[in-house]
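Peer 1: need a structure here:
(chains A and B)
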Number of protein chains: 2
Amino acid sequence: MYYIGIDLGGTNIAAGITDEKGRIIRKDSIPTRKEREYPEVIKDMAAIALKVAQDAGVPLSQVKSIGIGAPGTPDTKNGRIIYANNLKFRNAPVRDEMHKYTDLPIYIDNDANCAALAESVAGAAKGAANSITITLGTGLGGGIVINRRIYSGFNDAGGELGHMVIVVDGVQCTCGRKGCWEAYASATGLIAMAVKAMKENPDSLMNDLTGGGNPDKMDAKIPFDAARQGDATGVRVVGEYIKYLGEGLINIINIFQPDVLVIGGGICKEGEFLLKPLKERIASGVYSRPEVSQTAIRTAEMGNDAGIIGAAMLGLQEA
Amino acid sequence: MYYIGIDLGGTNIAAGITDEKGRIIRKDSIPTRKEREYPEVIKDMAAIALKVAQDAGVPLSQVKSIGIGAPGTPDTKNGRIIYANNLKFRNAPVRDEMHKYTDLPIYIDNDANCAALAESVAGAAKGAANSITITLGTGLGGGIVINRRIYSGFNDAGGELGHMVIVVDGVQCTCGRKGCWEAYASATGLIAMAVKAMKENPDSLMNDLTGGGNPDKMDAKIPFDAARQGDATGVRVVGEYIKYLGEGLINIINIFQPDVLVIGGGICKEGEFLLKPLKERIASGVYSRPEVSQTAIRTAEMGNDAGIIGAAMLGLQEA
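Peer 2: Residues are numbered from 1 along each chain as shown, chains lettered A, B, ... in the order given. You can find the predicted model right below:
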């Protein structure tokens, strides 16, 4: 059997058809044109879903389901999107709308959960019953897989690992609380730290790397580049970032002790320069006794297709 | 069918026989005499387990299993206790030892997990698929129940909710890290805060309530007593305590969104004076959107029998 997955984003609607191992047979994408009302967007979602099956030469009788990953808050039971960041989806009856165009079962979840499911079925946590996937981007997304199924609580709103406060009264977070892990360990958090340090240290290489200390040119790669070249301020910023990232990861391990903890997002491209000190910090901080097995820390493997694959695999976990 | 539960503590071995709803039919206890080697302690555990069944008039053919709750790190799969606080149990083959005296199936877990299972089966979270139970005592114990089963990770070492850092570089915790939730929100954390505030404020009523500012006479009740009487320092200490307790609870909700979050331990005796401001703080801090259902906050109901009942119910969850 085959599974269709749709990754609904603010820019594009990406769809793909996969086999039961999450391998993509065929994929395609179209612009979301997010200013549109949801019935129009969903009509396009149905069309591209059916198109990828057709293009792959897979008859719909061989397709098990269509899964949809969307940013925001889903209502998985009723197949609705309660709220979606940047999209005109408010209490949108996605399953009902999709059923105007297809009789296939429709499953919905949020994008961070889909990414975690993709890693669990086909990626870095393949074979593990329990895994947590953290994505370090503009925000800090988290997805929890327990017994090979997404866990997101009784109201589908769980797994908000980025909104775990690690510094009471700390840095203001976009969510309203202060000191959320996301405010420190996301790329946005790193950039804020780096800009501050650069301003305070006019001799830091980061000033040159941003075209003369232009904060708008700072990105998450520059502090790492500076640190690799031995810039003291860069080294300090990277060290601080790893500290905050690590403290949150240790918390996650102390709570979940998953078989595998997967870290994704652009920052992971820094490779061992990030991972080696991070793993050392984690090993020295976890609460579990040394004689028990320890959680494996791995980087994400699914890349840009994680959303499609995870959405497709929503049908597998419901089987 | 009936279930036997044993609550192995540093002071007493308590055992009880329950029905499938976790109602105790008969219970008994004997001193642990913790200085003894584990085979002797386990011999007594087997004897008292069989005795409560006999005293209750229940034939062993009607008993499903014996469950054991112990402080520390269990190996649930192999029926061992890897480490137990204050007891001479190191890699102790508890199941094998118990099988010298009985053929009944033997299940093992730690005491915080058993307390959570007891609340889930028969207490404040009865009927809920997912619940978290926090016990505020000398330490801060946590137990996670997902789909009516204890969740403690792939190595049985999860659920260490007290060792979630909420203040990076904060107060030193006994575990080696700094800023763990336990260091602020346990009774020990409250007492430390209260002693410090009392010393800094010689006019605080807490000085009178401790026989002239004697830190050894401070307990977790005194700051609440002072606050109820309008003592400004007491009000401030209780407010700070609720803030730290609340921040951790909000983290737990953002991560798990359980149907029910159960709070136990002596501090809960403060009732609405604690719970009302705590619930207000939680409501204002959780990340979930207002239109979705919210986690219910309840106080624990199982009291001193939680350990026996939870241990007994280990057999029910394995059924």
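
Peer 1: avg pLDDT for the lengthiest helix in chain A?
Peer 2: When chain A is parsed with DSSP state H, its longest helix is helix A:232-256. Mean pLDDT, helix A:232-256: 98.

Peer 1: how about the residues of the stretch 51-200 of chain A near chain B?
Peer 2: A:73, A:75, A:82-83, A:91, A:128-130, A:142, A:144, A:146-147, A:151-161, A:163-168, A:170, A:175-177 (C-beta under 8 Å from any C-beta of the partner chain). C-beta here means a position set from N, CA and C on the backbone, and glycine is covered the same way.

Peer 1: that older thread, same for the longest helix of chain A, what does it pack against?
Peer 2: strand A:131-136, helix A:182-185, helix A:187-200, helix A:205-209, helix A:222-228, strand A:260-264, helix A:272-285 (3 or more C-beta pairs under 8 Å, 6 or more residues apart in numbering or on different chains; DSSP states H and E).

Peer 1: got the residue ranges for the strands in the stretch 51-200 of chain A?
Peer 2: A:63-70, A:73-75, A:80-83, A:90-92, A:106-110, A:131-136, A:140-146, A:149-151 (DSSP state E, counting those that start in this stretch).

Peer 1: pick the most deeply packed of those.
Peer 2: strand A:131-136 (a mean of 29; mean count of other C-beta atoms under 10 Å in any protein chain shown).

Peer 1: partner strands of it, with direction?
Peer 2: strand A:140-146 (antiparallel), strand A:260-264 (parallel) (DSSP bridges).

Peer 1: which residues touch it?
Peer 2: Contacts to strand A:131-136, defined as C-beta atoms under 8 Å, 6 or more residues apart in numbering or on different chains, come from residues A:112, A:115-116, A:119-120, A:124-125, A:140-145, A:161, A:185-187, A:245, A:249, A:252, A:256, A:258-268, A:300.

Peer 1: nearest to residue B:97, of the strands of the stretch 51-200 of chain A?
Peer 2: Closest to residue B:97 of the strands of the stretch 51-200 of chain A, according to C-beta to C-beta: strand A:140-146, at 31.8 Å.

Peer 1: okay, the angle between that closest one and helix A:187-200?
Peer 2: Computed by axes from the mean of the first three to the mean of the last three C-alpha atoms, to 10 degrees, the angle separating strand A:140-146 from helix A:187-200 equals 150 degrees.

Peer 1: what about strand A:140-146, average pLDDT?
Peer 2: The model assigns strand A:140-146 a mean pLDDT of 96.

Peer 1: correct me, but residue A:249 touches residue A:262?
Peer 2: No: look at residue A:249 against residue A:262 with C-beta atoms under 8 Å: they stay out of range, at 10.9 Å.

Peer 1: quick one: which of the two has more around it?
Peer 2: Set side by side, residue A:249 and residue A:262 show more neighbours around residue A:262, with 29 against 26, by other C-beta atoms under 10 Å in any protein chain shown.

Peer 1: contacts only, for that one.
Peer 2: Applying C-beta under 8 Å, 6+ apart to residue A:262 gives the contacts A:116, A:119, A:123, A:124, A:125, A:131, A:132, A:133, A:134, A:298, A:299, A:300.

Peer 1: again with residue A:289
Peer 2: Counting by C-beta under 8 Å, 6+ apart, residue A:289 touches B:73, B:82, B:83, B:157.

Peer 1: and for the nearest residue to residue A:153 once chain neighbours are set aside, the neighbour number?
Peer 2: Spatial nearest neighbour of residue A:153, chain neighbours left out: residue B:257 (2.5 Å); criterion: C-beta to C-beta, 6 or more residues apart in numbering or on different chains. Look at residue B:257: counted by other C-beta under 10 Å, it has 27 neighbours.

Peer 1: what's near enough to touch residue B:257?
Peer 2: By C-beta under 8 Å, 6+ apart, the residues touching residue B:257 are A:152, A:153, A:154, A:155, A:156, A:157, A:158, B:130, B:288, B:295.

Peer 1: for residue A:131, see how far away it is.
Peer 2: To residue A:131, residue B:257 is 19 Å away according to C-beta to C-beta, to the nearest Å.

Peer 1: and if you look at residue A:289?
Peer 2: 22 Å.

Peer 1: repeat that for residue A:239.
Peer 2: From residue A:239 to residue A:131 the distance is 28 Å (C-beta to C-beta).

Peer 1: pull the most distant pair out of the contacts of residue A:289.
Peer 2: Across the contacts of residue A:289 (C-beta to C-beta), the longest gap, 10.2 Å, separates B:83 and B:157.

Peer 1: got any ranges where chain A has weak pLDDT?
Peer 2: A:319 (pLDDT under 70).

Peer 1: tell me the residue furthest from the middle of it?
Peer 2: residue A:203 (35.7 Å; C-alpha atoms, centre = their mean).

Peer 1: ramachandran coordinates for the nearest residue to residue A:56 once chain neighbours are set aside?
Peer 2: Excluding its sequence neighbours, the residue lying closest to residue A:56 (C-beta to C-beta, 6+ apart) is residue A:26, at 3.8 Å. Dihedral pair for residue A:26: phi -160, psi 140, per degrees, to the nearest 10.

Peer 1: which residues are in contact with residue A:26?
Peer 2: Counting by C-beta under 8 Å, 6+ apart, residue A:26 has contacts A:16, A:17, A:52, A:53, A:55, A:56.

Peer 1: now, of those, which are buried?
Peer 2: With burial judged by 16 or more other C-beta atoms under 10 Å in any protein chain shown, the buried subset of the contacts of residue A:26 is A:16, A:17, A:52, A:53, A:56.

Peer 1: in the stretch 201-319 of chain A, what residue is nearest chain B?
Peer 2: At 2.5 Å from chain B, residue A:257 is the closest residue in the stretch 201-319 of chain A, using C-beta to the nearest C-beta.

Peer 1: I should have written the stretch 101-250 of chain A there, sorry.
Peer 2: Residue nearest to chain B within the stretch 101-250 of chain A: residue A:153 (2.5 Å; C-beta to the nearest C-beta).

Peer 1: buried residues, stretch A:3-22. List them.
Peer 2: A:3-9, A:13-18, A:22.

Peer 1: got it, and stretch A:218-232?
Peer 2: Here stretch A:218-232 shows A:218, A:219, A:220, A:221, A:222, A:223, A:224, A:225, A:226, A:227, A:231 as buried, counting by 16+ other C-beta under 10 Å.
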